[in-house]
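# Output the structure for:
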Amino acid sequence: MTAVLAFALRFALAIVLAVAAVAKARRFDAFVRTVDTILPSRRTATTAAAAVVAVEAALAILLATGAWVNAVCLAALKLFLVFAGVSFWATRRGLHVQCNCFGQSERELGKDSLVTSLLLAGATVAYWALARKTDESLTLGELPLAVVLGAAVALAGRWLFAAGGLVRIVQQRRALERDLAEAIGDASR
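Numbering: from 1, shown residues only. Next comes the predicted model:
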């Protein structure tokens, strides 16, 4: 079972990094603007943004293949901790910077991106620890379970972050319905 959990975490991390790299590459100008807000020069920002996309893509591929586990885990951990540091820095300085962590979005660098980065760092450490305890060889029957679990972990994390927004939408809708019912009641009197 340890091998299944290790593979699931490895697969989930690979998915997250691949999605992030592809989304940033598709909306590269938006990501460069984010990096430009953090770094001093546009030229440096473009190079740094390209480097981030390349590192995320490389780590996704290396995680997916299971190559160089220790080095890849260390690099992924450092990447996620740098993202956490940048998010913390933006929060402390009161900056309103579009995150563009997964392509163009309305989400700003701050508390949410800090939590996301720390959770990804934690998942990396958990995978690293599990990988050290197992040889990660899966039987053919365990492979589908591990793939499904990895995808489920990645999706569950995304849904967890979306849940807060959904709760706010439901609360706003209920408030609007209540206000509308009161307005109709007042108009009928």
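
# Please make it C-alpha for all contacts and neighbour counts, starting now.
Will do.

# Can you give me the buried ones in stretch 62-69?
By neighbour count with 16 or more other CA atoms under 10 Å, stretch 62-69 contains the buried residues 62-64, 66, 69.

# Which ones among those map onto strands?
Within these, no residue falls in strands by DSSP state E.

# Among those, give me the pair with the biggest separation.
For the buried residues of stretch 62-69, the farthest-apart pair by CA to CA is Ala64 and Val69; their separation is 10.5 Å.

# how near is Glu108 to Ile184?
Between Glu108 and Ile184 the computed distance is 38 Å (CA to CA, to the nearest Å).

# now swap in Ala8 and tell me
Separation of Ala8 from Ile184 (CA to CA): 53 Å.

# circling back to that earlier point, just put the buried residues of stretch 62-69 in a markdown table and tack on distance to Gln172 and pLDDT.
Converted to a markdown table, the buried residues of stretch 62-69 look like this (distance: CA to CA, whole Å; pLDDT from 0 to 100):
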| residue | distance to Gln172 | pLDDT |
| --- | --- | --- |
| Leu62 | 44 | 86 |
| Leu63 | 41 | 84 |
| Ala64 | 41 | 81 |
| Gly66 | 45 | 76 |
| Val69 | 46 | 77 |
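
# what's the pLDDT at Cys99?
Cys99 is assigned a predicted lDDT (pLDDT) of 77.

# That one reaches Arg33, doesn't it?
No. The pair Cys99 / Arg33 is not scored as a contact, 9.7 Å apart, by CA atoms under 8 Å.

# more neighbours, the two?
Counted by other CA atoms under 10 Å, Cys99 and Arg33 do not tie: Cys99 has more neighbours, with 22 against 19.

# gap between the more buried one and Leu176?
Distance from Cys99 to Leu176, counting by CA to CA: 30 Å.

# ok, now Leu63?
When distance is defined by CA to CA, Leu63 is 47 Å away from Leu176.

# hang on, the earlier thing: who has more neighbours out of Ala8 and Ile184?
Neighbour count, other CA under 10 Å: between Ala8 and Ile184, Ala8 has more, with 24 against 11.

# how much space is there between that one and Ile15?
Using CA to CA, Ala8 is found at 10 Å from Ile15.

# again with Lys78
18 Å.

# neighbour count winner among those two?
For Lys78 versus Ile15, neighbours defined as other CA under 10 Å are more numerous around Ile15 (21 against 14).

# helices and strands around the strand or helix carrying that one, which ones?
When elements are assigned from DSSP states H and E, Ile15 belongs to helix 2-26. Applying 3 or more CA pairs under 8 Å, 6 or more residues apart in numbering; DSSP states H and E, we find helix 2-26 packed against helix 42-65, helix 111-133, helix 142-188.

# For Ala20, which of these is the nearest?
With CA to CA as the measure, helix 42-65 is the member of the helices and strands packed on helix 2-26 nearest Ala20 (7.2 Å).

# And Ala64, how far from Ala175?
Separation of Ala64 from Ala175 (CA to CA): 46 Å.

# Any idea how many residues pack against the closest residue to Leu120 other than its chain neighbours?
Among residues not flanking Leu120 along the chain, Phe80 sits closest, at 6.5 Å (CA to CA, 6 or more residues apart in numbering). For Phe80, the count of nearby residues is 20 (other CA under 10 Å).
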